[in-house]
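*Asks:* Got a predicted structure here, sequence first:
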Amino acid sequence: MSRHLPYTVGFILQKRERNKDLNFSKNESFDVTAPIPNLLTTLNRSVLVTPPKTPPAPVVQDDGNFFFQPRPNGDIAEEEEDTDSSQPSRSNSTSTPTSPPRASMSNRNTRRTSRRRSSEQSGMMKGASWFIEPCDQGNGGLKNAVSAALDAGVLENRTWVGTLGIPTDHLGEALKAEIDVKLRDDYDSLVVYCKDADFEGHYAHYCKEMLWPVFHNQIPDHPRSKAYEDHSWCYYVALNQEFADTIIRDYKRGDMIWVHDYHLLLVPKMIRDKIPDAKIGFFLHVAFPSSEVFRCLAVRKQLLEGILGSCLIGFQTPEYTRHFLQTCSRLLYVEATPNGIQLEDRFIHVTSLPIGIDPVSLDVRRKDPAVEEWIKIIAERYRGKKLIVARDKLDHVRGVRQKLLAFEQFLDKHPEWDGKVVLIQVALSTTENSDLQNQVSDIVTRINSSHANLAHSPVVFLHQDISFSQYIALLTIADALVITSLREGMNLTSHEFVYFQGEKHSPLILSEFTGSASIFEGAQISVNPWNNRQCAEAFQKALEMSEEEKKRRWEKLYSATTHHTASHWVASFIKQWDAAYEEQQRRGLSTIPRLSSKKLGEDYVNSKKRLLILDYEGTLASWGAPTNVIMTNPQRTIDTLNDLLSDKRNIVYVMSNRTPEELERLFRRVPGVGLIAETGCFIRPFEKSKWIRAARSESECVKWKNQVLDILKYYVERTPGTYIESRHCSCLFHYRNAEDMATAARQAAECANDVNDRFENQGIRAVPVDGAVTVESAECNKATAAMKVMGFLQEAAEDKEQALPDFLLVVGDDRDDEVIFRWANEQRDKIPIVTTVSVGMRNTEACATLAQGVAGVLLALQKLASLR
């Protein structure tokens, strides 16, 4: 599911003018697959294209040099793609890169013109014949990836869901139904029909003016952004709801729903609310910003919750994944782990998977005779000169201005390259960036006026797109490709450049702020586009690089490019998606059975040696203050444990996050019971009196604890009613009794993120729990303690002191018990009978639940103790 379908509708119209019919037949309509004649001229005849576009502005030839003549600002209506995946769609003859959404012409005159045109179009559509044609809008990289996956057998079938990309208010209901049936039956596509006002407000207002800047780390503080923020949110919601409703109406059990990009952030939750068991995946093709930028959005919570309706959420790079996890933790106050987000009812997996190119398709298109012809033409035209090639949308994200400034500095500092190097910059028009266009034009003029002569211009600036055969030819013959994006997802132009450089091995100059930089592992010439001096030096390095170094770098680039292909991306996402969905179903409340006391009793009686590991707080006793040494129903709990221990076949351990000293006092009347303190940092073996330290040494713990305590004190001073508890191997920030719980929860989330950011590489983690934040060593948990307990039992079995257990029961109630549930479930191949029980109703890895709380646990244990 993406904003645009791969197809749209073309119309053959009859326009009556002065009592004469003007017939536009299908064979007279514009052929979208026809190549543009060449780099130097553009199509200038009037055509009917759907969706409507303004032909590129004319290019003027002047003594072999070619300059763009800009059109008036309001006259640009470009074809575009919204994501950072710049590979062209197979259905499009031009390679359409990423762009910000199209700007809205929101002035009064334009609105009047739009209404008048809509009325005219409505009349013209009556009786008009129509046909389906490829749509050149949308995410070309996604379309190619899906096509590659189908060809490779990764996908057996697929159905596209999206809009037509054209105004549809003037289409009658009967015509809409005809188009819907045609696309559904012949093109495996579901059309989302929305109001034109919703599409315009969603896309041109909210997506362009709010989300696009934010996702590229730019705070939308432009006055126009502020104006759009208030009224355009409703359009964004409306269009997302139309997508969700279309899916819900057509959904069949077993369908996989894959939602793409920032236009549809709300759709996963909208579908989840209606179809709780739906298999939903989401992938964001653009970058994800830091939490400090994302929090500037007024509807930040709704957007995050919308994404979290998915089973699996994918990003292009680990950096974007980390930003998302931190943002969810800080703004939603949820537990974020390296693998995903833990909600109360579900665990949402999060992954990073870079999209790639389709080598098979590129090989086919590389064999086009027009490519070889263009290679010869370009080689002849620029014989004896080095060609630096660039192709970008002309917007504030692509860094075209920074690139030209760096090239100017390179020529100023290295006059020996005058007349020997040419920068060919293909700049696709985007929106109403008149200021940027003027700045770029001034720089180009300044460079050419300073370094040009009658036979040479150092910059060839083409403010238009080129045919795909010309695009391939440029990438093949280039002596360097330069990309200076200020922020970008995967830049697939760089991947295509590497793939087409099998003979020349020319170097790649790539911004460190692109997602592609993360997979090339330093084989590219990495630059900071804000550093003009560094970029200028990169030009020199690329032009003067030895052939041996070029080949060495290219081989690494090629290896990464051919590994991270489009079909590999689809296959990897689906594989992780299947695993994530299966785990969610297994851990879902609807699939986890209630504990069967009868079955548990039968297993208990038939076993010869039993190991019981029982949580303390919330399982054997109700929650109390950390310093409270009196348990709820103490005598009943103690009697139950003693009854269990009276059977010599039983080995009982009690685990807690309390200190060893507290557990000693609490269980002094239960001799021989094994104890696990501070969530696995200390263990007192069964029938032993000496504690074993499983955590770091005391001196190491004191060192990191002192640093952590400084952070916790900062938050305690700012949050009335909170306090700090310091233990041997952990610290806790308690806010259960805070005066303002909303503020306290926000401060706790900030506290956890501050600790995790600062101690990320030191093995220290902050974990949000109910009413507190626990800061502890990541090396120890209840699962590692259980493994040590099994080690003790194995040693005893080898010494023939006792047999290994054939019955394992683990009971717990909190998130920190999930690791030991997981460990216990993995022991089924070693221990015949394994039962894991979660107290309460929540998403869990346990194989059974017990809803009666502490009383239910004690009752079940008393029944077991009575069995012999």
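*Replies:* Received, thanks. None of these values were measured; they are calculated from a predicted model.

*Asks:* going forward, measure contacts and count neighbours with C-alpha atoms only.
*Replies:* Will do.

*Asks:* so how many other residues sit close to I574?
*Replies:* Taking other Cα atoms under 10 Å as the neighbour definition, I574 ends up with a count of 18.

*Asks:* and the residue found closest to N843 once you drop the neighbours it is linked to in the chain, how many neighbours?
*Replies:* Counting by Cα to Cα, 6 or more residues apart in numbering, D345 is the residue found nearest to N843 once chain neighbours are left out, at 4.7 Å. With neighbours defined by other Cα under 10 Å, the count for D345 comes to 14.

*Asks:* what does I355 give?
*Replies:* Other residues near I355 come to 29 when the count uses other Cα under 10 Å.

*Asks:* Quick check, it in contact with Q316.
*Replies:* Yes. With contacts counted by Cα atoms under 8 Å, I355 reaches Q316, the gap being 6.8 Å.

*Asks:* Spit out the residues that contact those two alike.
*Replies:* Taking Cα atoms under 8 Å, 6 or more residues apart in numbering as the contact rule, the neighbours common to I355 and Q316 are M490.

*Asks:* rewinding a little: now do the same for the residue nearest to N843: its pLDDT.
*Replies:* According to the prediction, D345 has pLDDT 79.

*Asks:* where's G306, which helix or strand?
*Replies:* Mapping G306 onto the secondary structure by DSSP states H and E places it in helix 300-307.

*Asks:* still on that earlier bit, surely the residue nearest to N843 forms part of a helix?
*Replies:* No. Assigned with DSSP: H, G, I helix; E, B strand; the rest coil, D345 falls outside any helix and is coil.

*Asks:* distance of it from S516?
*Replies:* Between D345 and S516 the distance is 35 Å, computed by Cα to Cα, to the nearest Å.

*Asks:* same thing with L142?
*Replies:* Taking Cα to Cα as the measure, L142 falls 16 Å from S516.

*Asks:* ok, then the element right after the helix holding G306?
*Replies:* For helix 300-307, the following helix or strand on the C-terminal side (DSSP H and E) is strand 312-315.

*Asks:* That following strand: how far from the chain's middle?
*Replies:* Using Cα atoms, centre = their mean, to the nearest Å, the distance from the centre of strand 312-315 to the centre of the chain it belongs to is 5 Å.

*Asks:* ok, residues contacting it?
*Replies:* Counting by Cα under 8 Å, 6+ apart, the neighbours of strand 312-315 from elsewhere in the structure are 280-285, 287-288, 307, 321, 348-354, 573, 576-577, 580-581.

*Asks:* try 7 Å this time
*Replies:* When contacts are taken as Cα atoms under 7 Å, 6 or more residues apart in numbering, the neighbours of strand 312-315 outside the stretch itself are 281-285, 321, 348-353, 577, 580.

*Asks:* Can I get the helix or strand encompassing T784 in PDB, CA atoms only?
*Replies:* Assessed by DSSP H and E, T784 sits inside helix 782-798. C-alpha atoms of helix 782-798 as PDB (Å, rounded to 0.1, in the frame of the first residue of the first chain):
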ATOM      1  CA  LYS A 782      16.600 -13.700  35.900                       C
ATOM      2  CA  ALA A 783      17.400 -15.900  32.900                       C
ATOM      3  CA  THR A 784      21.200 -15.700  33.500                       C
ATOM      4  CA  ALA A 785      20.500 -16.600  37.100                       C
ATOM      5  CA  ALA A 786      18.400 -19.600  36.100                       C
ATOM      6  CA  MET A 787      21.200 -20.800  33.800                       C
ATOM      7  CA  LYS A 788      23.600 -20.700  36.800                       C
ATOM      8  CA  VAL A 789      21.000 -22.600  38.900                       C
ATOM      9  CA  MET A 790      20.900 -25.300  36.200                       C
ATOM     10  CA  GLY A 791      24.700 -25.300  36.300                       C
ATOM     11  CA  PHE A 792      24.600 -26.000  40.000                       C
ATOM     12  CA  LEU A 793      22.200 -28.900  39.500                       C
ATOM     13  CA  GLN A 794      24.300 -30.300  36.700                       C
ATOM     14  CA  GLU A 795      27.400 -30.300  38.900                       C
ATOM     15  CA  ALA A 796      25.500 -32.000  41.600                       C
ATOM     16  CA  ALA A 797      24.200 -34.600  39.100                       C
ATOM     17  CA  GLU A 798      27.800 -35.300  38.000                       C
END
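
*Asks:* Buried residues of that helix, list them for me.
*Replies:* Residues of helix 782-798 classed as buried by neighbour count (16 or more other Cα atoms under 10 Å): K782, A783, T784, A785, A786, K788, V789, L793, Q794.

*Asks:* now stretch 859-868
*Replies:* Judged by neighbour count (16+ other Cα under 10 Å), stretch 859-868 contains these buried residues: L859, A860, L861, Q862, L864, A865.
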